[in-house]
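Visitor: All I have is the shape, not the residue letters:
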């Protein structure tokens with residue numbers, strides 16, 4: 001079976017309405033997985049990616065590092 005994939009980058013700071021403090025990340029993930037599931041996507045995993053940006057004119061010549069998180073979904077491809 002062939003699959004198509006959809007990657008959703010998690011924003012660096014999230015805001016969710018939850019009455020239980022300490023579960024904000026789980027609440028955000030639950031909402032996104034449910035939303036994508038309703039569109040036919042199956043949750044697969046979450047990965048973290050480090051990105052190094054070499055210094056240039058726009059950032060004052062300093063190298064910077066960023067850590068990003070990406071949620072991966074899949075569904076059967078139409079053949």
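Guide: Yep, it's here. In this text the structure is predicted, and so the values were computed from the model without any measurement.
Visitor: use CA for all of it now, contacts and neighbours both
Guide: OK.
Visitor: quick one: what helix or strand has residue 26 in it?
Guide: Under the criterion of DSSP states H and E, residue 26 resides in helix 24-38.
Visitor: Flag every buried residue along that helix.
Guide: Using 16 or more other CA atoms under 10 Å as the test for burial, helix 24-38 gives 24, 27, 28, 32, 33, 36.
Visitor: counting contacts, what elements does the first helix or strand past it going along the chain pack onto?
Guide: Later in the chain than helix 24-38, the nearest helix or strand by DSSP H and E is strand 42-53. Strand 42-53 sits against helix 24-38, strand 64-76, with contacts defined as 3 or more CA pairs under 8 Å, 6 or more residues apart in numbering; DSSP states H and E.
Visitor: Mind doing that once more with 7 Å?
Guide: strand 64-76 (3 or more CA pairs under 7 Å, 6 or more residues apart in numbering; DSSP states H and E).
Visitor: Please compute how far the strand it packs on lies from its chain's middle.
Guide: Computed by CA atoms, centre = their mean, to the nearest Å, the separation of strand 64-76 from the middle of its chain amounts to 4 Å.
Visitor: contact partners of it?
Guide: If you take CA atoms under 7 Å, 6 or more residues apart in numbering as the criterion, strand 64-76 is touched by 2-10, 40-54.
Visitor: what lines up beside it in the sheet?
Guide: Here strand 64-76 is paired, per DSSP bridges, with strand 3-10 (antiparallel), strand 42-53 (antiparallel).
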